[in-house]
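Chemist: 3D, please:
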Amino acid sequence: MRPRTKRCEGRMTACVVAGGLLALATPGFGQGGDDPATATPIGSLPFVDTGTTLGFTDDSDEVCPFTDSTSPDVYYVITPESDIAIDIDLCESDYDTKVYVYDAALGLIACNDDACSDAAGNPFRSRLAGVPLAAGATHYLVIDGFGGEAGDYLMVVEESSTACTSAPPFLDDASALDFDGVDDFVKVAPVAALALGDAITLETWVYPDSVAAFGNMITKASDITVNYALRYETDGSLGFFYRAASDTGWFEYNSDGGVIGPGRWQHVAVTHTFGTADIAVYVDGLPVGGFWSATPTEGPMTTDESLLFGGTALTPGGTTMRLVDGRLDEVRIWNVARNAKDIAASFNAVLDGDEPGLVGYWRFEEGAGGSAADTAGGYTGSLVGPTWFELDECAPPCPSDVDGSGDVGFTDLLAILSNWGPCAGCGEDLDGSGDVGFTDLLAVLSDWGGCPVATGACCLPGACEDLSADDCTARGGVYNAGESCADIGCPGDDGWIVSAPLVWSGDTCTDGFDCDLESARDSRWQITIPADGSWTFSVCGASFDTVMFLGTTPCSEDVAASDDACDIASEIQVDLTAGVYYLTLEGFSSDECGGYTLAVSQK
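Modeler: Residues are numbered from 1 along each chain as shown. Coordinates of the predicted model:
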């Protein structure tokens, strides 16, 4: 997390104290402009300015979530030299503020109302985090007020220190799905196991390109028949809602505003026991506050509707609405209400897929094709428009390293002690309670030392292990940054060395004639099965007539074989004990080869 920023401002100079170091910030001109034509320019960052909106014109108003503002507003303009993300802070202003970011055509990019309080605890101030700005493009920052409020403001604009924008932090992920906000979604056919009526936990990583419109991330609904839904809203809040089983009304819970912003990856989760007021919302593993619009008195409608990611079917004709503009990854659905410890322990980790209560788990790791595998329940999603987005590695989070040094140590401890007490939204408030106190102190002490390091697939002779770069080099391996053994595997004498569950795309036409089970070219894997149980090996949908063999030694079929299990393609379903197995995929005849996607999952 980013350390709390303190300011010392004046008409000629301004400074920002961050992480215990004093850094000069560009001083402002003391006032924003009245409209886009007279907007005050923002040069280098960080940028600090003070001014007033009193006596200026009311030019703009946006729904985030409140509208009908008659407040005067002022304009700033920024044209960055490179692609950046910025944070805009109005928390220390003297009145109830709103803040907007527009593009050159005054199209809304982001807005916020009520994300923070000032140091004295006065609420209803505004803040935006991680707002993406394109290189060479003109962007306007607008300071407005709620209702008719106006007054003096203090604005701090900094380049966002969010560590990870390309991939969800600390996940060995290769791809995600990118939704255009117009007509993209993923559809999972109706299935009884996903119709939940007792308890629920919904989780996903989300990277909004914009929160200017509602975006339904996970929805099981059609028309007004809503079993459950989780969305982000225009004020940066999270909304969870469902239709009463008696069809007499809605139950909706909204988190605090400003917890979700564009231009960055965040993990969101909601846990709820249906028919009660018991609910919790989490962002990046930490709880956030919120309220019920009406306290639930009964459970939800559980009629058989499709499950959608990235939108919701709200009209009788099935037209998809409230579409996500951005990326989704790692969607998880549970039939239990997970607790805070469970969420914190696994939100930034890859699951096995067989955890108790996990009924659906879509990792979006295929990277190509028109379907998304469910490694928990086997309920495949069909892509309607979204495109695959290749991810890059990001550093693991280390919240207790408040000074960003790479180690948790004495300066982090001093930062906690110097900000002791009420400190809503600051970096030293590690548990998100609104106060810096003993739990934050204990977090620093428990994490004392070096921060977690990123791992990647380390290809060793005859094996693949997920190791740090240093450990891999020390053992003479080949390090693959940002990858895991489950995702890429390593080449071996007996095929690709991989671990299940996995999704693997390839083409046998580029492989050799290594096994004599059939006369065709073959693809081979040395697969580690991590747990006893029923496992499925499927290449259904392959472009050619396949035969598949599973054995306990290379190029063998002593466990199982399959031909034409799904049309002309192969699928093996078999009970296995944990261990290493050898899988061979070939064509039915010598001239048969082609593309395939292998999915290995546990039932």
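
Chemist: measure the nearest residue to residue 99 once chain neighbours are set aside to residue 73 for me?
Modeler: Nearest residue to residue 99 in three dimensions, chain neighbours excluded: residue 126, at 4.2 Å (C-beta to C-beta, 6 or more residues apart in numbering). C-beta coordinates here come from the backbone N, C-alpha and C atoms, glycine included. Computed as C-beta to C-beta, to the nearest Å, the residue 126 to residue 73 distance reads 12 Å.

Chemist: The two - which one has more neighbours?
Modeler: residue 126 (29 against 24; other C-beta atoms under 10 Å).

Chemist: correct me, but the more buried one touches residue 98?
Modeler: Yes: taking C-beta atoms under 8 Å as the definition, residue 126 is a contact partner of residue 98 at 5.6 Å.

Chemist: So for these two, which residues contact both of them?
Modeler: The contact sets of residue 126 and residue 98 overlap at 112-113 (C-beta atoms under 8 Å, 6 or more residues apart in numbering).

Chemist: Which residue ranges of the stretch 251-400 of the chain form helices?
Modeler: Counting by DSSP state H, counting those that start in this stretch, the segments of the stretch 251-400 of the chain that form helices are 340-346.

Chemist: for it, what are the low-confidence residue spans?
Modeler: Across the stretch 251-400 of the chain, the ranges flagged by pLDDT under 70 are 313-320, 392-398.

Chemist: which residues of it fall in strands?
Modeler: In the stretch 251-400 of the chain, the strands defined using DSSP state E, counting those that start in this stretch lie at 266-273, 279-283, 286-288, 290-292, 307-309, 312-313, 320-321, 325-334, 358-362, 371-372, 381-384, 387-390.

Chemist: can you tell me which residue is nearest the centre of the chain?
Modeler: residue 205 (2.0 Å; C-alpha atoms, centre = their mean).

Chemist: need the contact list for that one.
Modeler: Counted by C-beta under 8 Å, 6+ apart, residue 205 has contacts 168, 171, 176, 265-268, 328-330.

Chemist: likewise residue 557?
Modeler: 517, 549-551, 584.

Chemist: Which parts of this protein belong to which domain?
Modeler: The record's domain split for the chain, according to automatic domain parsing, is 6-159, 175-390, 407-450, 491-602.

Chemist: Mind putting those into a markdown table with distance to residue 459?
Modeler: Output for those, formatted as a markdown table (distance: least, C-beta to C-beta, whole Å):
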| stretch | distance to residue 459 |
| --- | --- |
| domain 6-159 | 33 |
| domain 175-390 | 19 |
| domain 407-450 | 25 |
| domain 491-602 | 7 |
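
Chemist: Next, count neighbours for residue 53.
Modeler: 25.

Chemist: separation between it and residue 566?
Modeler: 65 Å.

Chemist: can you check residue 321 too?
Modeler: Residue 321 is 34 Å from residue 566, by C-beta to C-beta.

Chemist: before we move on, the earlier item: closest one to residue 399 among the domains of the chain?
Modeler: Ranking the domains of the chain by proximity to residue 399 (C-beta to C-beta) places domain 407-450 first, at 5.3 Å.

Chemist: avg pLDDT for the closest one?
Modeler: Domain 407-450 carries an average pLDDT of 82.

Chemist: do the same with stretch 184-192
Modeler: 92.

Chemist: and it, which residues are buried?
Modeler: Neighbour-count burial for stretch 184-192, counted by 16 or more other C-beta atoms under 10 Å, picks out 184-188, 191.

Chemist: now, which of the residues you listed lie within strands?
Modeler: Judged by DSSP state E, the buried residues of stretch 184-192 include 185-188 as members of strands.

Chemist: for residue 550, what are its contacts?
Modeler: Residue 550 neighbours (C-beta under 8 Å, 6+ apart): 537, 557, 559-561, 572, 574, 581-584.

Chemist: pLDDT wise, what is the closest residue to residue 52 other than its chain neighbours at?
Modeler: Spatially, and ignoring its direct neighbours in sequence, residue 52 is nearest to residue 152 (4.9 Å; C-beta to C-beta, 6+ apart). pLDDT for residue 152: 94.

Chemist: what about residue 152, neighbour count?
Modeler: For residue 152, using other C-beta under 10 Å, the count is 13.

Chemist: Identify the residues contacting residue 34.
Modeler: Counting by C-beta under 8 Å, 6+ apart, residue 34 has contacts 56-57, 59, 74-75.

Chemist: same deal with residue 440?
Modeler: Contacts of residue 440 by C-beta under 8 Å, 6+ apart are 416, 428-431.

Chemist: Make TSV from these and add secondary structure and neighbour count to it.
Modeler: Output for those, formatted as TSV (DSSP: H, G, I helix; E, B strand; the rest coil; neighbours: other C-beta atoms under 10 Å):
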residue	secondary structure	neighbour count
416	helix	24
428	coil	24
429	coil	23
430	coil	23
431	coil	18
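
Chemist: any chance of the residues you listed in CSV, plus distance to residue 300?
Modeler: Converted to CSV, these look like this (distance: C-beta to C-beta, whole Å):
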residue, distance to residue 300
416, 42
428, 39
429, 34
430, 35
431, 31
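
Chemist: Which of these sits closest to residue 106?
Modeler: residue 429 (35.5 Å).

Chemist: ok, the closest one to residue 403 distance?
Modeler: Look at residue 429 and residue 403: by C-beta to C-beta, they are 15 Å apart.

Chemist: related to what we said a few turns ago, can you tell me which of the domains of the chain is nearest to residue 474?
Modeler: domain 407-450 (16.3 Å).

Chemist: Return the distance of that closest one from the chain's centre.
Modeler: 25 Å (C-alpha atoms, centre = their mean, to the nearest Å).

Chemist: Sketch out the helices for the chain, chain order is fine.
Modeler: 340-346, 410-418, 438-446, 469-474 (DSSP state H).

Chemist: for those helices, which one ends up most surrounded?
Modeler: Of the helices of the chain, the one with the most neighbours on average (mean count of other C-beta atoms under 10 Å) is helix 410-418, at a mean of 17.

Chemist: now for that one, which elements pack on it?
Modeler: helix 438-446 (3 or more C-beta pairs under 8 Å, 6 or more residues apart in numbering; DSSP states H and E).

Chemist: go again using 10 Å as the cut-off
Modeler: Here helix 410-418 touches strand 435-436, helix 438-446, going by 3 or more C-beta pairs under 10 Å, 6 or more residues apart in numbering; DSSP states H and E.

Chemist: between these, which gets nearest to residue 338?
Modeler: Nearest of the helices and strands packed on helix 410-418 (C-beta to C-beta): helix 438-446, 20.2 Å.

Chemist: Report how many residues lie close to residue 147.
Modeler: Residues near residue 147, counting by other C-beta under 10 Å: 12.

Chemist: residues touching residue 327, list them.
Modeler: 167-168, 175-179, 205-209, 265, 310, 364, 386-387, 389, 391 (C-beta atoms under 10 Å, 6 or more residues apart in numbering).

Chemist: what do you get if the cut-off is 6 Å, keeping everything else the same?
Modeler: 176, 178, 207, 389 (C-beta atoms under 6 Å, 6 or more residues apart in numbering).

Chemist: quick one: which of those residues is most hemmed in?
Modeler: residue 176 (28 neighbours).

Chemist: Touching, that one and residue 387? I think so.
Modeler: No: with contact defined as C-beta atoms under 6 Å, residue 176 and residue 387 do not form a contacting pair (10.0 Å).

Chemist: Strands of the stretch 401-550 of the chain, residue ranges please.
Modeler: 407-408, 421-422, 435-436, 449-450, 455-460, 463-468, 478-480, 496-499, 502-507, 522-529, 533-538, 546-551.

Chemist: same question, the stretch 1-150 of the chain
Modeler: Counting by DSSP E, counting those that start in this stretch, the strands of the stretch 1-150 of the chain are 6-9, 14-18, 21-24, 26-27, 40-41, 47-52, 74-78, 84-89, 97-103, 108-113, 127-133, 139-145.
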